[in-house]
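S.K.: structure here, sequence nowhere to be found:
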């Protein structure tokens with residue numbers, strides 16, 4: 001059996017926003033995108049042998065901030081958002097298994113009929129057995145985003161990097177919004193502190209601070225550009241590295 005090429009990191013967490021999975025309307029699920037991302041992760045796992053966990057958002061169905069902005073109780077709105085992430089997790093599991101990749105959905109909000117409860121050691125065993133673990137339900141607590149969930153889970157399962165996939169055609173972190181400011185330039189590397197001080201929209205400040213405190217690098221990249229995940233793991237300069 002041929003040896004795998006050496007990957008830069010051996011265990012990764014991919015942060016997958018709900019919006020990345022949405023149809024062009026911004027709502028629902030785009031089966032083509034699901035298939036593309038599932039195929040890429042399957043091929044990456046087969047060719048590089050890395051452990052992969054995926055943290056899914058739920059913004060294509062519901063955003064807690066939107067509900068709170070309309071006068072809904074914040075905690076109630078956030079719990080609704082957690083349910084939306086489980087819907088995305090189940091859809092992504094289906095897409096993975098259609099391409100031949102075994103996976104497990106684990107939820108921080110217990111619902112044993114549809115997903116396993118999130119247990120750190122069990123998640124690690126699944127990855128050791130070659131499965132991709134899909135982590136849904138956020139942290140299981142209101143007031144925390146799925147960005148923070150990605151940072152927390154990455155630290156818990158000893159992942160070496162968070163890959164933060166963007167979906168809007170932006171391929172990294174820029175000095176300003178490149179869609180508005182044509183003079184904006186892309187950072188190839190940037191520090192956690194610069195991200196916080198400059199108010200750059202990489203992840204929320206809680207997640208960034210947590211990553212800094214736990215020495216977890218973040219790669220911000222265009223998720224929908226085929227081959228990017230594998231290229232990043234092979235050491236190519238794709239997107240922006242936050243460390």
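M.R.: Received it, and whenever you're ready, just let me know what you need. In this text, all values refer to a predicted model and were calculated from it rather than measured experimentally.

S.K.: going forward, measure contacts between C-alpha atoms and count neighbours the same way
M.R.: OK.

S.K.: show me the helices in this structure, by range?
M.R.: For the chain, the helices defined by DSSP state H occupy 31-48, 64-69, 74-98, 120-128, 146-156, 192-197, 205-213, 228-233.

S.K.: so what touches the fourth one?
M.R.: In this structure, residues lying in contact with helix 120-128 by CA atoms under 8 Å, 6 or more residues apart in numbering are 51-53, 104, 106, 132-133, 156-157.

S.K.: circling back to that earlier point, where among the helices of the chain is the average confidence lowest?
M.R.: When the helices of the chain are ranked by mean pLDDT, helix 64-69 comes last with a mean of 71.

S.K.: nearest to residue 18, of the helices of the chain?
M.R.: helix 74-98 (7.0 Å; CA to CA).

S.K.: which of the contacts of helix 120-128 sits closest to residue 197?
M.R.: Once CA to CA is applied, the member of the contacts of helix 120-128 that ends up nearest residue 197 is residue 156, at 26.7 Å.

S.K.: what's the nearest residue to residue 178 if we skip its chain neighbours?
M.R.: residue 184 (5.3 Å; CA to CA, 6 or more residues apart in numbering).

S.K.: dihedrals phi and psi, the one you found?
M.R.: With angles defined as degrees, to the nearest 10, residue 184 sits at phi -60, psi 140.

S.K.: just give the number of residues close to it.
M.R.: 14 (other CA atoms under 10 Å).

S.K.: for stretch 148-164, list every residue counted as buried.
M.R.: 148-155, 157, 159-164 (16 or more other CA atoms under 10 Å).

S.K.: swap in stretch 13-24?
M.R.: Residues of stretch 13-24 classed as buried: 13-22 (neighbour count, 16+ other CA under 10 Å).

S.K.: return the subset of these lying in strands.
M.R.: Taking DSSP state E, the ones among the buried residues of stretch 13-24 that sit in strands are 13-16.

S.K.: how about those in TSV, adding pLDDT and distance to residue 173?
M.R.: Below are those laid out as TSV (pLDDT from 0 to 100; distance: CA to CA, whole Å):
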residue	pLDDT	distance to residue 173
13	98	19
14	98	17
15	97	15
16	94	17
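
S.K.: just the closest of the residues you listed to residue 236, please.
M.R.: Within those, the smallest distance to residue 236 is 17.1 Å, found for residue 14 (CA to CA).

S.K.: what residues are up against that closest one?
M.R.: Residues counted as contacts of residue 14 (CA under 8 Å, 6+ apart) are 52-55, 150, 162-165.

S.K.: lowest-confidence entry in these?
M.R.: Least confident by pLDDT among these: that is residue 165, with 92.

S.K.: residues near that one, how many?
M.R.: Quick note: residue 165 (other CA under 10 Å) scores 24 neighbours.
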